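# What follows is a protein structure lacking sequence information:
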């Protein structure tokens, strides 16, 4: 991890969170919390598993490195990352205030750990971590305007918010998300009896590829478009998005889905209350199908032409991926990625990348590149 050498007062530097031992302790606390929830019958989806939390905590310092954070700030960002999903419902229902609940739980847990001397934090640090967790799903306010997008945050809460937001979103891209989205979106959210896709009439055993295509376009064009990221983050953002696009192109061509089709599905598919997917998910995008089509094409990096020109290998590899992981959605994702024996050339490339992500080689490569 790169320390930019900024002056750090000894009192702050000596907080337990600035050393690896403390982060190790926090990981044990989070693992125990997840285990307890599961033993009590709670459902912990792959999208909110310990593997996800650990990966986000490894990505957060990379963001801090690119922004010149101190070692202490990078470690606090790791703490926020580990605790950001302490409370999580299995769906993506925006009415469920998971972020606020997780924020309160994180502050309470950190205060408890501080009081018994396991992990020492200041009240300021705990409040900053809670502030970041509560805003984890929101773009940092300065991202919205291109004229302020490149600015470096000055307040601790804003610094942790930026690191957590970017790290969490980056975990939703790249090779691992190909497996994760197939498992969570086409598994948890479709195959389970209470899966939120079912309210719109999507059926397990039939619509796995379709819901993954819809969710992918929503994230590429509406929730998390690549264009909003500051230039300084491009070294770790660009390649992750490219892999995801390859996967989505294969699904769309396999199912004969155009961007126009996906826009119409988002607008015209309604639940029993008469609300469409855009309304239920509270997506900030055009409400007219044709306008939405143009919006998606302009922001996703995917065009009607690129779908039609997608190779047969991407088509077969993408659907092989969806079927393999969605049919095993209750199993450990990292183990599934390691055991997978894909047939398609692209799928084999993706699987190699997944294994590198699981065993830490990908993180080591990124860290080495940031030190140059």
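Perfect, thanks for sending it. None of the values given here were measured: they were computed from a predicted structure. Residues are numbered from 1 along each chain as shown.

# The host helix or strand of residue 321: what's the following helix or strand?
Secondary structure assignment for residue 321, by DSSP states H and E: helix 312-326. Sequence-wise, the next helix or strand downstream of helix 312-326 (DSSP H and E) is helix 333-339.

# what's the helix holding residue 321 packed up against?
helix 174-183, helix 208-218, helix 234-255, helix 333-339, helix 345-359 (3 or more Cβ pairs under 8 Å, 6 or more residues apart in numbering; DSSP states H and E). The C-beta positions use only the backbone N, C-alpha and C, and glycine is treated the same way.

# Only the buried residues of the third one, if you could.
Buried residues in helix 234-255, counting neighbours by 16 or more other Cβ atoms under 10 Å, are found at 236-237, 240-241, 243-255.

# ok, back up a step: in JSON lines, list the helices and strands packed on helix 312-326 along with distance to residue 147.
Listed next are these as JSON lines, based on distance: least, Cβ to Cβ, whole Å:
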{"stretch": "helix 174-183", "distance to residue 147": "29"}
{"stretch": "helix 208-218", "distance to residue 147": "27"}
{"stretch": "helix 234-255", "distance to residue 147": "18"}
{"stretch": "helix 333-339", "distance to residue 147": "40"}
{"stretch": "helix 345-359", "distance to residue 147": "35"}
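
# could you dump these to JSON lines with distance to residue 146 and mean pLDDT?
Converted to JSON lines, the helices and strands packed on helix 312-326 look like this (distance: least, Cβ to Cβ, whole Å; pLDDT from 0 to 100):
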{"stretch": "helix 174-183", "distance to residue 146": "25", "mean pLDDT": "90"}
{"stretch": "helix 208-218", "distance to residue 146": "23", "mean pLDDT": "97"}
{"stretch": "helix 234-255", "distance to residue 146": "15", "mean pLDDT": "91"}
{"stretch": "helix 333-339", "distance to residue 146": "36", "mean pLDDT": "93"}
{"stretch": "helix 345-359", "distance to residue 146": "31", "mean pLDDT": "94"}
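
# These: which one's closest to residue 32?
helix 333-339 (19.1 Å; Cβ to Cβ).

# neighbouring contacts of the closest one?
With contact meaning Cβ atoms under 8 Å, 6 or more residues apart in numbering, helix 333-339 is reached by 46, 49, 51, 176, 179-180, 183, 324-325, 328, 351, 354-355, 357-358.

# Find out how far the helix or strand harbouring residue 60 is from the centre of the chain, if you would.
Assessed by DSSP H and E, residue 60 sits inside helix 50-67. From the chain centre to the centre of helix 50-67 is a distance of 11 Å (Cα atoms, centre = their mean, to the nearest Å).

# The helix or strand that comes right after it vs helix 50-67, what angle?
Following the chain from helix 50-67 toward its C-terminal end, the next helix or strand by DSSP H and E is helix 71-83. Between the axes of helix 71-83 and helix 50-67, defined by axes from the mean of the first three to the mean of the last three Cα atoms, to 10 degrees, the angle is 150 degrees.

# now for helix 71-83, which elements pack on it?
Applying 3+ Cβ pairs under 8 Å, 6+ apart, one finds that helix 71-83 contacts helix 10-13, helix 20-39, helix 50-67, helix 98-115, helix 123-134, helix 156-170.

# Deepest-packed of these, please.
Per-stretch averages of neighbours, counted by mean count of other Cβ atoms under 10 Å, single out helix 156-170 among the helices and strands packed on helix 71-83, with a mean of 24.

# I'd like the average pLDDT over that helix.
When pLDDT is averaged over helix 156-170, the result is 94.

# Ok, stretch 114-130 next?
91.

# again, but for stretch 80-96
Stretch 80-96 comes out at a mean pLDDT of 69.

# Read off the pLDDT value for residue 47.
In this model, residue 47 is scored at 53, pLDDT.

# Equivalent analysis for the one 5 residues further on, please.
Here, the pLDDT recorded for residue 52 equals 85.

# Hmm, it is touching residue 172, no?
No: between residue 52 and residue 172 there is no contact under Cβ atoms under 8 Å: 9.3 Å.

# hey, what's in contact with both of those two?
Common neighbours of residue 52 and residue 172 (Cβ under 8 Å, 6+ apart) are residue 180.

# dump the residue contacts of residue 80.
Listed by Cβ under 8 Å, 6+ apart, the contact partners of residue 80 are 60, 106, 128, 129, 132, 133, 160, 163, 164.

# how about a cut-off of 7 Å?
By Cβ atoms under 7 Å, 6 or more residues apart in numbering, the residues touching residue 80 are 129, 132, 133, 160, 164.
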